[in-house]
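Novice: Next one to model:
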Amino acid sequence: MFVRPTPTPLHFNDYRRRTGETRSKERDILKVSIMSFITEWFRSTFGLVKVPEHSDSVEALHLRRRGSDCYCDENERRRRQHHRGGGGGGHQRHTIEEKVSVSQIIPSRQWGTHVIRKYGRDRMAGKGGGDEVKFGVNIPDEIEKGDLMAATSHLQQLANDYRAQRVNWQPYLHSQMISQEDYNFIVAFDTASGKSKEQMLGEQSQQCAKTFLNLMSHVSKNQTIYYVLVLIDDMFQENRTRVEIFKEYARKKKESAWAPFINMLNNTDGFITNMVSRLLAKMACWSTDLMDGSDLHFYLSWLKDQLKLPENEYIQSVGRCLQMMLRIDEYRFAFVAVDGISTLVSVLSGRHNFQIQYQLTFCIWVLTFNPILAEKMNKFNIIPILADILSDNVKEKVIRIVVAVLRNLIEKPEDVQICKDHCIAMVQARVLKHLDLLSQRKFEDEDIEADIKYLADKLNESVQDLSSFDEYASEIKSGRLEWSPVHKSTKFWRENAPKLCDKNYELLKILINLLQTCKDPQILSVACYDIGEFVHHYSVRGKTVIEQLGGKQVVMALLTHEDSSVKYEALLCVQKFMVHNWEYLGKQLEKETKAPAPNKAVA
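Specialist: Below you'll find the model as predicted:
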């Protein structure tokens, strides 16, 4: 009979030690899982995330410096402010000394609203100087408090994971996938930090660019490419001037600095393409030379297409790249050229969380700092969409950016008539009602209250000067037709029907386009009614105009519409066409009967 031997104390202790290690690892894994769940819950519920103490990212340093006030009660917040010399309650404000020290950690583009407030409205209007001066139109830096998005986006979370997974470079050297000099550099770079890394990059900048480009092109394992891209991103983030390393290397080789990165956007791996996109945005915005030509067109088109992807888990990262790119005036016009504004508006009109709404509205905001683009903005029907976001959202940062866009749409255009049209469109979209409700709220950011007051004053002035036709034209341009009183007013149509022919039949073309593209039964019904009233009150010429614009065929196609109200209004409209035919024939017949008979020649 086999008897299992009793383990010696040494064996037993060794077994216990190994079991303890396993259980310790399991506990660590469980802790990480629980913390990940808590972090995700905080992020989805409050849009906040607590920064780990060991994190070395710029955003983490910023949040730790702020002391994570968002998790403190009022007494603790006041105690911290007093300890920092910040004074009484309310939002934290840095002293001059604190501002200097923060600027050493956080680049000016990433300062929160509390720092911008110290500069006042001039800073927000772009009068604070900075590198945007050379690009023509100055705009403020990021106003998102603490820039929490960068710490919570899917791309950033994955980057943090891949950063911890160090690569063993020895097998790549043995298999001759990388050269000896590339191996020597990457091993030294991977272990360097602080001053030693700075010195290394200063002495071997050309080797740095060469090694990273070789690794990106010669290594096929995605996990290793992930790590390389994260290293490059960290290198840029530590010192923005390092983007020039790749530029200088390409200049000496007489090659394009953009091509190696642009080509990687065709990769099928989501992390690789979005990490490369992040690197391209930093190089394009932080370099002394702007991206241009086909490279810029391809990159902006890629960003635009990524916005359209359904359920894109990297959409926050795409929005972040656009937030950076659209601060520069040349990039704004290039983005408009690839139909970028209509894409932003289309995505904003869908159902997205408040973070996406904030980022895309921020992109619209920076575009409106250019007077030419601000004048064209409402051609994309942006005002009603912003009004909807304003009415549905309770997040302060979203409200702040929306009212800032609306203010720019009134302030920035140089054409007075366009400013008036924007005011009318805001009145039509019931922005005044939303502003009245918001004025009763208390906001931490004093700029919100100033913007709300400015908008309310301007819109109230506009309402006093608003004619019924202005209101009607604004409704048509918004594309949101309702059975408002002007549609049913015989006096309105008698006085204003000829005005629909102004500006090369602009309003009539919009009505006909709505009949062709819209699916809403109410909008179709109102548009049919308006076209019928135009034909009825604009004599025979009204019928001819509609036929030349193709409106009659569109209306007749709606006679078979599934909705009974649309079918009814289309039938009435066609009857008005026919009545004009009979009236015209009747007048012609009456004319002929009343005409004197010609004198007959006497034989």
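Novice: give me the low-pLDDT residue ranges for this structure?
Specialist: 1-152, 465-467, 540, 580-603 (pLDDT under 70).
Novice: And the residue nearest the centre of it?
Specialist: residue 360 (1.4 Å; CA atoms, centre = their mean).
Novice: immediately after the helix or strand where it lies, which helix or strand?
Specialist: According to DSSP states H and E, residue 360 maps onto helix 354-367. With elements assigned by DSSP H and E, the helix or strand that comes after helix 354-367 is helix 371-376.
Novice: just checking, what packs against that next one?
Specialist: Here helix 371-376 touches helix 329-337, going by 3 or more CB pairs under 8 Å, 6 or more residues apart in numbering; DSSP states H and E. Yep, even glycine has a C-beta here, placed from its N, CA and C like the rest.
Novice: Which other helices and strands does the helix holding residue 360 contact?
Specialist: helix 315-325, helix 329-337, helix 340-348, helix 382-392, helix 396-411.
Novice: Swap in 10 Å and give it another go.
Specialist: The helices and strands touching helix 354-367, judged by 3 or more CB pairs under 10 Å, 6 or more residues apart in numbering; DSSP states H and E, are helix 149-152, helix 293-308, helix 315-325, helix 329-337, helix 340-348, helix 371-376, helix 382-392, helix 396-411.
Novice: and residue 568, which of the ones you listed is closest to it?
Specialist: For residue 568, the closest of these is helix 382-392, at 26.9 Å, according to CB to CB.
Novice: Next, the buried residues of that closest one.
Specialist: For helix 382-392, the neighbour count (16 or more other CB atoms under 10 Å) marks 382-390 as buried.
Novice: How about stretch 199-211?
Specialist: When burial is assessed from 16+ other CB under 10 Å, stretch 199-211 yields the following buried residues: 200-201, 204-205, 207-211.
Novice: now do the same end-to-end measure for that stretch.
Specialist: 17 Å (CA to CA, to the nearest Å).
Novice: returning to that earlier point: is it possible to get TSV of the buried residues of helix 382-392 that adds distance to residue 524?
Specialist: Shown next, in TSV, are these (distance: CB to CB, whole Å):
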residue	distance to residue 524
382	23
383	22
384	18
385	21
386	25
387	22
388	21
389	26
390	27
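Novice: so which of the residues you listed comes closest to residue 508?
Specialist: The closest of the buried residues of helix 382-392, once distances to residue 508 are taken by CB to CB, is residue 384, at 20.7 Å.
Novice: Against residue 225, how distant is that closest one?
Specialist: Residue 384 sits 44 Å away from residue 225, going by CB to CB, to the nearest Å.
Novice: Please state the offset of stretch 155-164 from the chain centre?
Specialist: Relative to its parent chain, stretch 155-164 has a centroid offset of 24 Å by CA atoms, centre = their mean, to the nearest Å.
Novice: Report the buried residues of it.
Specialist: Quick answer for stretch 155-164 (16+ other CB under 10 Å): 155-156, 158-159, 162-163.
Novice: repeat for stretch 524-542
Specialist: By neighbour count on 16+ other CB under 10 Å, the buried set for stretch 524-542 is 524-538, 542.
Novice: Closest to residue 448 out of those?
Specialist: Distances from residue 448 to the buried residues of stretch 524-542, taken by CB to CB, are shortest for residue 526, at 35.4 Å.
Novice: got the residue ranges for the helices in the stretch 401-550 of the chain?
Specialist: Using DSSP state H, counting those that start in this stretch, the helices of the stretch 401-550 of the chain run over 416-428, 431-438, 446-464, 468-478, 485-488, 490-496, 502-517, 521-537, 539-548.
Novice: a markdown table for those helices, including distance to residue 370?
Specialist: Formatted as a markdown table, the helices of the stretch 401-550 of the chain follow (distance: least, CB to CB, whole Å):
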| stretch | distance to residue 370 |
| --- | --- |
| helix 416-428 | 14 |
| helix 431-438 | 22 |
| helix 446-464 | 19 |
| helix 468-478 | 21 |
| helix 485-488 | 34 |
| helix 490-496 | 34 |
| helix 502-517 | 24 |
| helix 521-537 | 32 |
| helix 539-548 | 36 |
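Novice: hey, which of the ones you listed is tucked in deepest?
Specialist: helix 521-537 (a mean of 23; mean count of other CB atoms under 10 Å).
Novice: Please give the element, helix or strand, for residue 158.
Specialist: Counting by DSSP H and E, residue 158 is part of helix 154-163.
Novice: Could you identify the helix or strand that succeeds that helix?
Specialist: By DSSP H and E, the next helix or strand past helix 154-163 is helix 170-174.
Novice: Give me the buried positions along the helix or strand following that next one.
Specialist: Going down the chain from helix 170-174, the next helix or strand is helix 180-191, by DSSP H and E. For helix 180-191, burial by neighbour count (16+ other CB under 10 Å) applies to 182-186, 189.
Novice: Out of the buried residues of helix 382-392, which comes closest to residue 255?
Specialist: residue 382 (40.6 Å).
Novice: give the contact list for that closest one.
Specialist: 341-342, 344-345, 348-349, 361, 364, 367-368, 405-406, 409, 422, 425 (CB atoms under 10 Å, 6 or more residues apart in numbering).
Novice: try 6 Å
Specialist: For residue 382, the contacting residues are residue 345, by CB atoms under 6 Å, 6 or more residues apart in numbering.
Novice: Kindly report the same for residue 435.
Specialist: With CB under 6 Å, 6+ apart, residue 435 has these contacts: 452, 455-456.
Novice: For my notes, please list the residues you listed in CSV and give distance to residue 300 for each entry.
Specialist: What follows is the contacts of residue 435, written out as CSV (distance: CB to CB, whole Å):
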residue, distance to residue 300
452, 33
455, 31
456, 36
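Novice: and of the residues you listed, the nearest to residue 231?
Specialist: For those, the minimum distance to residue 231 (CB to CB) is 45.6 Å, reached by residue 452.
Novice: now, which of the buried residues of stretch 199-211 lie within strands?
Specialist: Members of the buried residues of stretch 199-211 lying in strands (criterion: DSSP state E): none.
Novice: Which members of those residues are the farthest-apart pair?
Specialist: Distance extremes for the buried residues of stretch 199-211: the farthest pair is 200 and 210 at 14.0 Å, using CB to CB.
Novice: quick revisit: out of the helices and strands packed on helix 354-367, which is closest to residue 221?
Specialist: helix 315-325 (22.5 Å).
Novice: so that closest one versus helix 293-308, what angle?
Specialist: Calculated by axes from the mean of the first three to the mean of the last three CA atoms, to 10 degrees, helix 315-325 forms an angle of 140 degrees with helix 293-308.
Novice: what helices or strands is the helix or strand hosting residue 272 leaning on?
Specialist: Using DSSP H and E, residue 272 falls within helix 270-286. Applying 3 or more CB pairs under 6 Å, 6 or more residues apart in numbering; DSSP states H and E, we find helix 270-286 packed against helix 222-238, helix 259-264, helix 315-325.
Novice: what about 7 Å?
Specialist: helix 154-163, helix 222-238, helix 243-253, helix 259-264, helix 315-325 (3 or more CB pairs under 7 Å, 6 or more residues apart in numbering; DSSP states H and E).
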